[in-house]
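>>> need a structure here:
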Amino acid sequence: MFWTNKPFDFTALITIARWLPKYPGIIEKEQRKLLHHLVQNGVCTPAGDVDDEQLSPVILEFKESIEADTGIYRDFHEMFEQVALKTDPSQLSIKNYMQLLAVLDKTITKAPTYSYTSPLVSGVPMYGALAPFCNTEAGYRAFTNPKVNAMFHKIFDEWTKFLVSEASRDVLVSTEGGWFSPDALQVQQKRLGQSFAEAFVCDPDEPYMGFKSWDDFFGRRFREGVRPTFAAKNPHFINAPCEAITYRVATNVRAKDQFWLKEMPYSLDHIFNFDSLTSHFVGGTVFQAILSALDYHRWHSPVDGRVVKTYVVPGTYYAARLDDNPDPDVVSRSQAFVTAMSTRAVIFIESDNPAIGLMCFVGVGLGEVSTTRIAVQQGDRIKKGDETGSFHFGGSTYLMIFRPETKLTLFPGPKDLGEARNVGTLLFHVDNTFQENNRWYGPPSGLG
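Okay, here's the model as predicted:
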């Protein structure tokens, strides 16, 4: 069934992807593993005491920033009182902010390992540690505080130094927990429809398949022809810019809206950070999709056109819309909310097809995946399928935003709503031209 944005208002929540596992006790189990290691090495005690001298400088700076601000200090205490996660008192658990900082310190010394049943260690391990506190009032106050987010930024900078180093390749192996383990490769083959080595640029005969670092592996490229750009010369089709799971389509979006409400409407002024071009999109259409840690993380142009403007909006890392759901994966439930809050890369494109005109791609970095890299600049001419940027280090989400004059029909995605649309496949048909000329410019599945 096709979706169209005319002539009625329509918002469809198609699917909600998860970053954290739904299996009971997984978060507690992962926390216990980290704490057990820290206790064994004398970093902390089961009772919650922490040896400051064994913490890294950036974590000690975070500790000092918490304790120097009365409001932040209160919040980092109260979030432990408000947390919904119930722990067994006989088991190791994170008891206070010092132990939490010790866990974060351990996290930034290693690359994410593979565990298909536990996505929190398959791309967003820091979110796994922080998630139980994100859905508390104190946690919300802390994680929206500019001082706290500045410290997260510094912590991620330190982690990045490791993730781009050769030392981070120790998880690019075929043993259990490795990204080339039989389980990992089998899951990738099922998702890709072919083997990992057939799909991605790599050398199976070289150590680590030839990847230079964890980040090099994470930003891997498809081999030529694996993801063709459908209808590359047909301007009446808009192609998928990312390999991602469709989340939501919304029309008649407003300049300003109450994005924190249960329905999480899009608020264009906040998404664009009050850019002067915002007015072009008021009343228009927003398409949102979600990437997982297992997906391809490069962005490609959905149309032929000219880059009008690019910029990055700094934002929060772990702020989420508060709700009454005891499931700790609150950021996954806040996908639309975070488009107004999190770090985001904005690329305005003037399409060569006047029926599309000005459109915008927004790459939203979430949690430790806050790194967004724009690969184009103002004035660049781009063709469908040209690379425009990339995410780094984990899951993320993106938007495509269109003017109200652009009339669209969304092509059906995979039958399994939890399956990603392939990058380069047909996403929208532009109906302005279809209505004017009363015919299609090439078949929906064509490559011409």
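>>> ok now stretch 36-47, how far from the chain's centre?
How far stretch 36-47 lies from its chain's middle: 32 Å, per C-alpha atoms, centre = their mean, to the nearest Å.
>>> residues in contact with that stretch?
35, 50-51, 54-55, 92, 95, 98-99, 102-103, 105-106 (C-beta atoms under 8 Å, 6 or more residues apart in numbering). C-beta coordinates here come from the backbone N, C-alpha and C atoms, glycine included.
>>> would you list every one of the strands in the stretch 101-250 of the chain?
For the stretch 101-250 of the chain, the strands defined by DSSP state E, counting those that start in this stretch occupy 237-239, 245-251.
>>> Pull the distance from the shortest one to the chain's centre.
So that's strand 237-239. The chain centroid and the centroid of strand 237-239 are separated by 22 Å, computed with C-alpha atoms, centre = their mean.
>>> Check the last one too.
Its chain's C-alpha centre and that of strand 245-251 lie 15 Å apart, by C-alpha atoms, centre = their mean.
>>> pLDDT on that strand, on average?
Averaged over strand 245-251, pLDDT sits at 92.
>>> Same question for stretch 210-218.
Averaged over stretch 210-218, pLDDT sits at 95.
>>> now do stretch 325-334
Averaging pLDDT along stretch 325-334 gives 81.
>>> List the buried residues of that stretch.
Buried residues in stretch 325-334, counted by 16 or more other C-beta atoms under 10 Å: 328, 329, 330, 331, 332, 333, 334.
>>> Quick check: the farthest pair among those residues?
Using C-beta to C-beta, the pair of these lying farthest apart is 328 and 334, separated by 12.4 Å.
>>> ok, residue 239 - contacts?
Residue 239 makes contact with 229-231, 300, 302-303, 384-385, 423-427, according to C-beta under 8 Å, 6+ apart.
>>> Okay, it and residue 298: tell me how far apart.
Distance, residue 239 to residue 298, by C-beta to C-beta, to the nearest Å: 14 Å.
>>> Helices along the chain, start to end?
Per DSSP state H, the chain carries helices over the ranges 26-40, 57-68, 70-82, 97-107, 125-134, 137-143, 146-163, 182-192, 196-199, 214-218, 268-271, 431-437.
>>> Across the sheet, point out what pairs with the residue nearest to residue 306 when sequence neighbours are not counted.
Nearest residue to residue 306, sequence neighbours excluded (C-beta to C-beta, 6 or more residues apart in numbering): residue 350, at 4.9 Å. Beta-bridge partners of residue 350, counted by DSSP bridges, are residue 306, residue 358.
>>> I'd say residue 350 and residue 308 touch.
Yes. Counting by C-beta atoms under 8 Å, residue 350 touches residue 308, with 5.2 Å between them.
>>> Now do the shared contacts for the two.
In terms of C-beta under 8 Å, 6+ apart, residue 350 and residue 308 are both contacted by the residues residue 358.
>>> roughly how far apart are residue 218 and residue 289?
Using C-beta to C-beta, residue 218 is found at 19 Å from residue 289.
>>> do the same with residue 92
From residue 92 across to residue 289, the span is 38 Å (C-beta to C-beta).
>>> The two: which has the busier surroundings?
residue 289 (27 against 20; other C-beta atoms under 10 Å).
>>> Excluding sequence neighbours, find me the nearest residue to that one.
Counting by C-beta to C-beta, 6+ apart, residue 244 is the residue found nearest to residue 289 once chain neighbours are left out, at 3.6 Å.
>>> who's the one you found bridged to?
Beta-bridge partners of residue 244, counted by DSSP bridges, are residue 421.
>>> got the contact list for it?
Residues counted as contacts of residue 244 (C-beta under 8 Å, 6+ apart) are 289, 290, 291, 295, 397, 398, 420, 421.
>>> mind running it again at 6 Å?
By C-beta atoms under 6 Å, 6 or more residues apart in numbering, the contact list for residue 244 reads 289, 290, 291, 420.
>>> what about residue 205, neighbour count?
8.
>>> Same check on residue 57?
By other C-beta under 10 Å, 9 other residues sit near residue 57.
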